[in-house]
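Peer 1: This is a predicted model, with the sequence first.
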Amino acid sequence: MADDMKTANHPQADEGLIGFQDGAIEGRPAGVPSSYATGGSPRWTPEVIADIHAKSQLGRYQMRGFNAFNRHLPSFDELVIEPATMTRLPLEGYREQCETKVVLGDGLGKVEQPIELDIPIYVAAMSFGALSANAKAALARGARKAGTMTCTGEGGMLEEERAENRTLVYQLTPSRYMLDLDHIRQADGIEIAVGQGAKPGTGGLLLGMKVSERVARMRNLPMGVDQRATCRHPDFLGADDMAVKIEELREATNYRVPIFVKMGATRPYYDVAVAAKTGADVVVVDGLEGGTGASPAFLLDNTGVPTMAAIPAARRALDDTGMSGKVKLVIAGGIRSGIDVAKAMALGADAVMIGTGMLMALGCNSPRYLADYKALGTEPGACHHCHTGRCPVGITTQDPELVKRLHVDAAAERVYRYLTAMTMEATMLAKACGKSSLANLEPEDLRALTLEASAFTGVPLIGADRPFTW
């Protein structure tokens, strides 16, 4: 072999030098965007340079929690509500009512006990492991007080969550962590998770610092070891198999509870059509803006379909398959307020599911415990370190001392008040449009402010009163 093909036997480089520590500037570590000034190049931004420096030190991609930082995503802010004036009459704000109830699982006539919610908003699937037990209990109690529900997320049913909840959906994930038939039969619904909006096409991820003794016991995992769940179910590969699985679950629960299928928004028209035809009672579509406790950072900004664009495609799929009215459509991913709720329902959602907003109500990013934020290299309002297990406010951690900071009674009340406020916002907008039920909101009640929003949703462009098409 030629000399230039031989592998050189060089000594291992010093890790400090690999980490750019020679001549380092205090408080400005390499690999952190805030350490860099913004130059003139729109391509080589501080974020890009920091990411390359981080990867060149780590030898792998970066991990983080929270959700997408991509600033080029379409937003519900690009749609406005068109209230009634002369051609339609608005409802009187105090004397006339707007119905908020929603029933999930009644359309196919197969379920003995469909889920009846007082409001079309519920708490997203977030696992014990990703969240602390106090966070799960507070979400359940707040949801119960507001007349709505939560979902277990991956990793099994937590006793505190079942005890605090009126209505609880059990999530069946590809990993099958703590899959328990008794727990399935205690649930008020079953959600088959085939993906999530934040990182579609991949499985769940829980880093070792959050795999506590209790989490490890529930999931049958070793303590302190990173957990990467499988990305697809072991016992079904396509629509025919899923139909069999849904029927198995119906038999296991004696046809008592509805079956949900949750997916990340990737090919929403075709994926929703398939899920609806397999016999699911409810299809949950989670857009790109959905949150997560931990993910390879690059997936969050570069995979999936934004929520606003996914809703019309999902609704069209149900219309075209004749399943609208039979299969309910739940939308998730970046829903922040009752305004977003109203716009999502006008686009075609029957209900919405909220995760990150609920964590904010618990106290995520609240301006307290500043020293602990600084230890993570961040501050209130900018924290996205859910994956570290060092949550300063006790939400996304298993550290007993940090968990104590989340007071269940107070946190549950904040969740309830947040849900109440969102419902008030949504109903006020609906009544302004002359609608006596949130379910009556329709695309005609919307106008798009931008060409992109009009093209993505089919909503008429404001001023032109017709949708922009490519």
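Peer 2: Yep, it's here. Residues are numbered from 1 along each chain as shown.
Peer 1: Domain map for the chain?
Peer 2: 14-60, 76-457 (automatic domain parsing).
Peer 1: Let me know which of these is tucked in deepest.
Peer 2: domain 76-457 (a mean of 20; mean count of other Cβ atoms under 10 Å). Quick note: C-beta positions are derived from backbone N, CA and C, even for glycine.
Peer 1: Start and end of that one, how far apart?
Peer 2: With Cα to Cα, to the nearest Å as the measure, the ends of domain 76-457 fall 10 Å from one another.
Peer 1: returning to that earlier point: CSV please, covering the domains of the chain and showing mean pLDDT.
Peer 2: Formatted as CSV, these follow (pLDDT from 0 to 100):
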stretch, mean pLDDT
domain 14-60, 93
domain 76-457, 95
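Peer 1: for those, which one sits closest to Asn67?
Peer 2: Of all the domains of the chain, it is domain 76-457 that lies closest to Asn67, at 4.3 Å by Cβ to Cβ.
Peer 1: how far out from the middle of the chain is the closest one?
Peer 2: The chain centre lies 6 Å from the centre of domain 76-457; the measure is Cα atoms, centre = their mean, to the nearest Å.
Peer 1: Ok, stretch 57-71 next?
Peer 2: Averaging C-alpha positions (Cα atoms, centre = their mean) puts stretch 57-71 17 Å from its chain's average.
Peer 1: Now do that stretch: everything it contacts.
Peer 2: The contact list for stretch 57-71 (Cβ atoms under 8 Å, 6 or more residues apart in numbering) reads 18-20, 30-31, 51, 54-55, 198, 205, 207, 288-298, 300-302, 334, 356, 383-387, 396.
Peer 1: Which of those fall within helices?
Peer 2: 18, 51, 54-55, 297-298, 300-302, 356 (DSSP state H).
Peer 1: okay, those in JSON lines with distance to Lys277 next?
Peer 2: Below are these laid out as JSON lines (distance: Cβ to Cβ, whole Å):
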{"residue": "Ile18", "distance to Lys277": "54"}
{"residue": "Asp51", "distance to Lys277": "42"}
{"residue": "Ala54", "distance to Lys277": "44"}
{"residue": "Lys55", "distance to Lys277": "43"}
{"residue": "Ala297", "distance to Lys277": "36"}
{"residue": "Phe298", "distance to Lys277": "33"}
{"residue": "Leu300", "distance to Lys277": "31"}
{"residue": "Asp301", "distance to Lys277": "32"}
{"residue": "Asn302", "distance to Lys277": "30"}
{"residue": "Thr356", "distance to Lys277": "31"}
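Peer 1: distance of Tyr255 from Ala50?
Peer 2: 54 Å (Cβ to Cβ, to the nearest Å).
Peer 1: sorry, back to before: list just the nearest of the ones in helices among the contacts of stretch 57-71 to Leu237.
Peer 2: Nearest to Leu237 among the ones in helices among the contacts of stretch 57-71, counting by Cβ to Cβ, is Asn302 at 25.8 Å.
Peer 1: which ones are touching that closest one?
Peer 2: Asn70.
Peer 1: Next one: it relative to Gly201, how far apart?
Peer 2: Going from Asn302 to Gly201 by Cβ to Cβ gives 11 Å.
Peer 1: same thing with Asp180?
Peer 2: 27 Å.
Peer 1: repeat for Ala349
Peer 2: Distance of Ala349 to Gly201, computed by Cβ to Cβ: 23 Å.
Peer 1: these two touch, right, Gly142 and Ala410?
Peer 2: No - using Cβ atoms under 8 Å, Gly142 is not in contact with Ala410; the gap is 10.4 Å.
Peer 1: ok, Arg88 touching Lys435?
Peer 2: No - with contacts counted by Cβ under 8 Å, Arg88 stays clear of Lys435, the gap being 9.2 Å.
Peer 1: Mind giving me the packing neighbours of the top helix by length along the chain?
Peer 2: With DSSP H setting the assignment, residue counts place helix 408-432 as the longest helix in the chain. In this structure, helix 408-432 packs against strand 121-123, helix 133-146, helix 338-347, helix 356-362, with contacts taken as 3 or more Cβ pairs under 8 Å, 6 or more residues apart in numbering; DSSP states H and E.
Peer 1: what angle separates that helix from helix 338-347?
Peer 2: Angle of helix 408-432 versus helix 338-347, following axes from the mean of the first three to the mean of the last three Cα atoms, to 10 degrees, is 50 degrees.
Peer 1: Following element in sequence after helix 408-432, please.
Peer 2: Following helix 408-432 in sequence order, the next helix or strand is strand 446-448 (DSSP states H and E).
Peer 1: So what touches the next helix or strand after that next one?
Peer 2: Where DSSP H and E defines the elements, the next helix or strand beyond strand 446-448 is helix 451-457. Here helix 451-457 makes contact (Cβ under 8 Å, 6+ apart) with 74, 78-79, 306, 308-309, 311-312, 347, 443, 446, 448, 459-461, 467-470.
Peer 1: Narrow the residues you listed to those in helices?
Peer 2: 308-309, 311-312, 347.
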